[in-house]
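Participant: give me the fold of what follows.
(2 chains)
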Amino acid sequence: DAKTTQPPSMDCAEGRAANLPCNHSTISGNEYVYWYRQIHSQGPQYIIHGLKNNETNEMASLIITEDRKSSTLILPHATLRDTAVYYCIVRSPQGIIFGKGTRLHILP
Amino acid sequence: KAGVTQTPRYLIKTRGQQVTLSCSPISGHRSVSWYQQTPGQGLQFLFEYFSETQRNKGNFPGRFSGRQFSNSRSEMNVSTLELGDSALYLCASSLGWLSATSTDTQYFGPGTRLTVL
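Facilitator: Numbering: from 1, shown residues only, chains lettered A, B, ... in the order given. I've put the predicted structure just below:
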């Protein structure tokens, strides 16, 4: 079973910030949170990962709560090309277990 | 640096046949993982190879097998194909093997679309 829960879908207006939440209440102290996205029928694309500090790269920002039980991926200026399924993942000894992800629709 | 490559990109087989899929990891990466993606089950982990050894295995029948060569390239084989094996098969590579606390990032290939008739 996936160790994360995400809303099945979200809408965001083009040009606005997209905030994608993820719950990982059973995360262990040394497990990282990873975010990937998958554009239709392509391989998942790595976005960002973090442990407990907020992280930012050229694609997105990752905000992790102090208790590490949840996180939010922020796409600062969403474009139509950001339409994809976004996966929040916590690794397990059995490898990466993907949940259902959040289908993000960017509205023009 | 070239990304993960998978061949072939598309494949059509009939029930009972076997198939071999190939994956070339990013140069320098020693871990290769395989995933199956179907509309009903989503992305499911098949197995991971590191330094030619299988490190982790998902919950799939023995018809699914793999191997890794000394140059880190990997192949996945499915024998006695069933209709339910129709899926997108994804390969991902990383520098090291994926323990639960590893910080190595996996990079995915474009996948092989297998259709079983």
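Participant: any idea how far residue B:79 is from the nearest residue to residue B:117 once chain neighbours are set aside?
Facilitator: Sequence neighbours aside, residue B:14 is the residue nearest to residue B:117 in space, at 5.2 Å (criterion: Cβ to Cβ, 6 or more residues apart in numbering or on different chains). Where you see a C-beta, it was placed from the backbone N, CA and C, and this is true even at glycine. From residue B:14 across to residue B:79, the span is 13 Å (Cβ to Cβ, to the nearest Å).
Participant: was I right to think residue B:88 contacts residue B:37?
Facilitator: Yes - Residue B:88 is within contact range of residue B:37, at 4.4 Å (criterion: Cβ atoms under 8 Å).
Participant: what touches both of these two?
Facilitator: residue B:111 (Cβ atoms under 8 Å, 6 or more residues apart in numbering or on different chains).
Participant: what about residue B:10, how many neighbours?
Facilitator: 9 (other Cβ atoms under 10 Å in any protein chain shown).
Participant: same check, this time on residue A:35
Facilitator: Neighbours of residue A:35 (other Cβ under 10 Å): 25.
Participant: SS state for it?
Facilitator: strand (DSSP: H, G, I helix; E, B strand; the rest coil).
Participant: one step back: higher neighbour count, residue B:14 and residue B:79?
Facilitator: Remark: of residue B:14 and residue B:79, residue B:79 carries more neighbours, 14 against 10, as counted by other Cβ under 10 Å.
Participant: residues touching that one, list them.
Facilitator: B:18, B:63, B:65.
Participant: mind running it again at 6 Å?
Facilitator: B:18, B:63 (Cβ atoms under 6 Å, 6 or more residues apart in numbering or on different chains).
Participant: run through the strands of the chain in chain order.
Facilitator: Using chain A here. A:9-13, A:18-23, A:33-38, A:45-50, A:55-56, A:61-64, A:70-75, A:84-90, A:102-107 (DSSP state E).
Participant: right idea, wrong chain: chain B
Facilitator: B:5-7, B:10-13, B:19-24, B:31-38, B:42-50, B:53-57, B:64-68, B:74-78, B:87-94, B:107-108, B:112-116.
Participant: partner strands of the last one, parallel or antiparallel?
Facilitator: Think strand B:112-116. strand B:10-13 (parallel), strand B:87-94 (antiparallel) (DSSP bridges).
Participant: and the contacts of the longest one?
Facilitator: By Cβ under 6 Å, 6+ apart, the list of residues contacting strand B:87-94 from outside reads A:43, B:4, B:6, B:21, B:23, B:25-26, B:29, B:31-38, B:104, B:106-109, B:111-113.
Participant: so it versus strand A:45-50, what angle?
Facilitator: 50 degrees (axes from the mean of the first three to the mean of the last three Cα atoms, to 10 degrees).
Participant: what about the chain, any weak spots by pLDDT?
Facilitator: Using chain A here. Applying pLDDT under 70 to chain A flags the ranges A:1-2, A:93-95.
Participant: meant chain B actually
Facilitator: In chain B the weaker segments, taking pLDDT under 70 as the threshold, are B:1, B:99-101.
Participant: mind doing that once more with 80?
Facilitator: Along chain B, the model assigns pLDDT under 80 to residues B:1, B:97-103.
Participant: would you mind naming what in it lies close to chain A?
Facilitator: B:42-43, B:45, B:48, B:56, B:90, B:98, B:100-101, B:105, B:108-111 (Cβ under 6 Å from any Cβ of the partner chain).
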